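Engineer: coordinates only, sequence not included:
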């Protein structure tokens, strides 16, 4: 009898565990965005949010945790309970560049990669009232005096900072770098004339109405056919801001699978793609394993680039 009771109790526990896994999610899911509101990552997260909520059958609640080039928010994702109820929308930089620039509480191994959501070529953007109208004018202005060119970035060592530093180095000029806590505050400063130029995803200048001088891509963007690539301007430099959903390492496979499946549905939805198109953003889905592989390769490449620029620790 005792054996029978033990077996029955074990079966009950196993059934209960399976039911708990199958019922994920049974409550709202928190999505941490590691930047302030208004930046590219935040805009892409908010475009995805309603479709992801619909696919999961539960509300997805966005929480902005900006600062330190995205590392504060990503650190919070890494140390969250690995139950599937705290995830994040992270771009590449806090994962593939910042670990080479500063000592952090996390590494690539601290996360469960769920899905890539977007892959946006970066663009060179002029601030309101900038004393130049095109790339040639920007370089001429930079040569007019020490620190004459004032440029912003969403953080020291951000993807945008790396691209701008590489471009200025290739052009043989310098500038005064002003770092911000994210793309939203940086765009506000550009609108106010506090910075003259910056690099960002096309969703930012499209959203605030600032002129685009060049595209850091292998070819012109269909949505911006009149804007030359940086390569056409004489400097073959490419870069993109890619981002997707991650969670803390150790997340249950059932939760990760449900999130990956819901993400695929959300990225493929007409609603998300139309929202991305309005921002000149590029939706792109990759499942978790391919997403992680892509960011791991980029991390290796960034280590070399940052050392060449004298930025790596």
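Structural biologist: Yep, it's here. From a predicted model like this one, the values you see are computed outputs, not experimental measurements.
Engineer: tell me the helices in the stretch 101-250 of the chain, going along the chain?
Structural biologist: 135-142, 159-171, 183-191, 203-208 (DSSP state H, counting those that start in this stretch).
Engineer: of all those helices, which one comes closest to residue 100?
Structural biologist: Distance to residue 100, taken as CB to CB, is lowest for helix 159-171 among these, at 10.4 Å. Bear in mind the C-beta positions are built from the backbone N, C-alpha and C, glycine included.
Engineer: got phi/psi on the residue nearest to residue 126 when sequence neighbours are not counted?
Structural biologist: Using CB to CB, 6 or more residues apart in numbering and skipping residues adjacent in sequence, the residue nearest residue 126 is residue 211, 4.9 Å away. Dihedral pair for residue 211: phi -70, psi 140, per degrees, to the nearest 10.
Engineer: wait, residue 211 touches residue 205, no?
Structural biologist: Yes: between residue 211 and residue 205 there is a contact under CB atoms under 8 Å: 7.2 Å.
Engineer: what is in contact with the two at once?
Structural biologist: By CB atoms under 8 Å, 6 or more residues apart in numbering, residue 211 and residue 205 have these common neighbours: residue 125.
Engineer: which one's more surrounded, these two?
Structural biologist: For residue 211 versus residue 205, neighbours defined as other CB atoms under 10 Å are more numerous around residue 205 (24 against 14).
Engineer: Provide a list of residues in contact with the closest residue to residue 136 other than its chain neighbours.
Structural biologist: Excluding the flanking residues, the one nearest residue 136 by CB to CB, 6+ apart is residue 233, at 8.0 Å. Applying CB under 8 Å, 6+ apart, we find residue 233 in contact with 135-136, 214.
Engineer: so what pLDDT did residue 233 get?
Structural biologist: Residue 233 is assigned a pLDDT of 96 by the prediction.
Engineer: and it, its phi and psi?
Structural biologist: Taking degrees, to the nearest 10, you get phi -90, psi 0 for the backbone angles of residue 233.
Engineer: quick one: secondary structure of the spatially closest residue to residue 184 that is not a sequence neighbour?
Structural biologist: Among residues not flanking residue 184 along the chain, residue 38 sits closest, at 2.8 Å (CB to CB, 6+ apart). Following DSSP: H, G, I helix; E, B strand; the rest coil, the label given to residue 38 is coil.
Engineer: how far away is residue 38 from residue 279?
Structural biologist: According to CB to CB, to the nearest Å, residue 38 and residue 279 sit 12 Å apart.
Engineer: what do the two both touch?
Structural biologist: Shared contacts of residue 38 and residue 279 (CB under 8 Å, 6+ apart): residue 207.
Engineer: grab the nearest non-local neighbour of the residue nearest the centre of the chain.
Structural biologist: Closest residue to the average C-alpha location of the chain: residue 91 at 1.9 Å, with CA atoms, centre = their mean. Leaving aside its sequence neighbours, residue 91 sits nearest to residue 243 (CB to CB, 6+ apart; 3.9 Å).
Engineer: that older thread, which residues does the residue nearest to residue 184 contact?
Structural biologist: By CB under 8 Å, 6+ apart, the residues touching residue 38 are 182-185, 187-188, 207.
Engineer: the strand or helix carrying residue 30 - contacts with which helices or strands?
Structural biologist: Here residue 30 sits within strand 29-33, counting by DSSP states H and E. Under the contact definition 3 or more CB pairs under 8 Å, 6 or more residues apart in numbering; DSSP states H and E, strand 29-33 sits against helix 40-56, strand 60-64, helix 71-78, strand 86-91.
Engineer: what's across from residue 179 in the sheet?
Structural biologist: For residue 179, the beta-bridge partners are residue 153 (DSSP bridges).
Engineer: count of residues packed around it?
Structural biologist: Look at residue 179: counted by other CB under 10 Å, it has 15 neighbours.
Engineer: pretty sure it contacts residue 152?
Structural biologist: Yes: under the criterion of CB under 8 Å, residue 179 makes contact with residue 152 at 7.3 Å.
Engineer: list the buried residues of stretch 107-123.
Structural biologist: Judged by neighbour count using 16 or more other CB atoms under 10 Å, the buried positions of stretch 107-123 are 110-123.
Engineer: lowest-confidence one in these?
Structural biologist: pLDDT across those is lowest for residue 120, at 86.
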